[in-house]
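# fold the following, please.
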Amino acid sequence: MLKRLLPKPANPAVRAEQIRLLFLQNRSVQVLGMITAIVTAITLWKVADHTLLSGWLILMIIAYSMRFVTTILFFRTHISDQMTEIWVRRYIICTFFAGVIWGSLAFLLDPSWPAAYQVVLFVVYTGLIAGAFSANSSVFVAFPSFYLPMVVALMIVMLQMKDEAFNALALLFMIYIALMYISSLKFYNQLTYTLQLRFDNEKLVQELAESNEKLVHLADIDGLTQIYNRRSLDRFLNAEWNRHYRNQKPISFLFIDIDYFKQYNDTYGHEAGDNCLIEISRILKCNAKRASDITARYGGEEFAVIFPETDEAKAFEIAQRMITHLHDSSIEHSTSLVSEYVTMSIGVSTIIPQNPNNSEWLLTSADKALYEAKNSGRNQVVQTSSLEV
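Coordinates of the predicted model:
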């Protein structure tokens, strides 16, 4: 039963958001509170002691100024999660101070006051408590830290008057406070639940986005070599072709085939073959260094590289460098008919596109050059000479 009358605990993320909401909701409330204090002092000026009322108003302005400055500093200061609790404690101290000063006003109450002025005091108190409910309930302790000093002071004053009407009014006020407490507790618990649900949903959305990103990555990347696959290559090639058509810049395409790779697999096994493919993909990427260069595994032992805005001479130079780089790696291949090491043949095509959506021509042209390189003895680069298609 007691647990139902206590606020539910919140995790650090929810707690931090509750504190942020507390300060956010109180920026305008503090100004209105100060205005209420001034209007109350003016209203009670005719019936209350001027010196005491003036001193009370000065303290009230100081209290609200402290709360207002604390709120401003909270939003202007970069606050870590550890510091939020310090700031909320500062806020609660200032709020309690304001509640104590509001409560002290009750000691100015005199039964001789005209009924209208007595009503003003009770209306101000009930209004302040109702306003504090919406402004302070996001951090549960902040609400009672404000209204309890007022309620205690008012209860003491009304019970000391030994008047049935005031006693009845005190009882009604206690019932009102109990209802406000229960309402505040429900509001706080519901806010805690809502914020927790929001953070859980945000976490799920983030996890879903990460999962989708991984799926896209898996769909675009070759699982063995971790470079682009054929699906990605086709998409990039078409996009780059159309971009180069608009810009009228040369685009180069390399088609690469590992020489006698079947014999390599048969001799050294598929695990060694996989390692060979991984090493060759690394070599290709080392020579296709620009962010715009696209290296892909076309299938099996075939690779392809797109070199945007690259002319014939540069594309041929890079292809030759790839051949040399692979030779320097000295991957043993005893059953090769062209070398004691693993080699590759490369077909190069460079074109300035003259028609959109015709990227197949570039691939076909490089494929023909690769076919010629293989028929001419392998372990070499053959380049087509067509610049405009």
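# which parts of the stretch 151-300 of the chain are helices?
Along the stretch 151-300 of the chain, the segments classed as helices by DSSP state H, counting those that start in this stretch run 164-220, 230-247, 261-268, 270-287.
# in JSON lines, list the ones you listed along with distance to Ser349.
Bear in mind the C-beta positions are built from the backbone N, C-alpha and C, glycine included. Converted to JSON lines, the helices of the stretch 151-300 of the chain look like this (distance: least, Cβ to Cβ, whole Å):
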{"stretch": "helix 164-220", "distance to Ser349": "24"}
{"stretch": "helix 230-247", "distance to Ser349": "11"}
{"stretch": "helix 261-268", "distance to Ser349": "22"}
{"stretch": "helix 270-287", "distance to Ser349": "16"}
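# is it possible to export those helices to a markdown table including mean pLDDT and distance to Phe75?
Listed next are these as a markdown table, based on pLDDT from 0 to 100; distance: least, Cβ to Cβ, whole Å:
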| stretch | mean pLDDT | distance to Phe75 |
| --- | --- | --- |
| helix 164-220 | 85 | 19 |
| helix 230-247 | 93 | 46 |
| helix 261-268 | 95 | 65 |
| helix 270-287 | 95 | 48 |
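# make a markdown table out of these and add distance to Ala63 and mean neighbour count.
Converted to a markdown table, the helices of the stretch 151-300 of the chain look like this (distance: least, Cβ to Cβ, whole Å; neighbours: other Cβ atoms under 10 Å):
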| stretch | distance to Ala63 | mean neighbour count |
| --- | --- | --- |
| helix 164-220 | 21 | 13 |
| helix 230-247 | 65 | 17 |
| helix 261-268 | 83 | 16 |
| helix 270-287 | 67 | 17 |
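# right, so of those helices, which gets closest to Leu326?
Of all the helices of the stretch 151-300 of the chain, helix 270-287 sits nearest to Leu326, with 5.5 Å by Cβ to Cβ.
# check which helices and strands the closest one sits against.
Here helix 270-287 touches strand 251-258, helix 261-268, strand 294-299, strand 302-307, helix 312-329, going by 3 or more Cβ pairs under 8 Å, 6 or more residues apart in numbering; DSSP states H and E.
# please redo it, this time with the cut-off set to 6 Å
helix 312-329 (3 or more Cβ pairs under 6 Å, 6 or more residues apart in numbering; DSSP states H and E).
# next structured bit after the helix it packs on?
Using DSSP states H and E, the helix or strand that follows helix 312-329 towards the C-terminus is strand 344-351.
# list the neighbouring strands of that following strand plus their orientation.
strand 251-258 (antiparallel), strand 381-383 (parallel) (DSSP bridges).
# with distance to Leu52, mean pLDDT and mean neighbour count as added columns, please give those in JSON lines.
Output for the strands paired with strand 344-351, formatted as JSON lines (distance: least, Cβ to Cβ, whole Å; pLDDT from 0 to 100; neighbours: other Cβ atoms under 10 Å):
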{"stretch": "strand 251-258", "distance to Leu52": "88", "mean pLDDT": "96", "mean neighbour count": "26"}
{"stretch": "strand 381-383", "distance to Leu52": "100", "mean pLDDT": "95", "mean neighbour count": "22"}
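# may I see the ones you listed organised as a markdown table, with distance to Leu53 added?
A markdown table is the format used below for the strands paired with strand 344-351 (distance: least, Cβ to Cβ, whole Å):
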| stretch | distance to Leu53 |
| --- | --- |
| strand 251-258 | 85 |
| strand 381-383 | 97 |
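# for these, which one sits closest to Glu332?
For these, the distance to Glu332 is smallest for strand 251-258, at 13.8 Å, taking Cβ to Cβ.
# what does that closest one contact?
Residues outside strand 251-258 that contact it (Cβ atoms under 6 Å, 6 or more residues apart in numbering): 240, 244, 301-308, 310, 315, 319, 344-350, 362, 366-367, 370.
# for stretch 22-29, same thing?
Thr71, Phe74, Ala135, Ser138, Val139.
# now the two most distant members of those residues.
Spatial extent of these (Cβ to Cβ) is set by the pair Phe74 and Ala135 at 14.5 Å.
# looking at Gln82 now. What's its pLDDT?
Gln82 carries a pLDDT value of 67.
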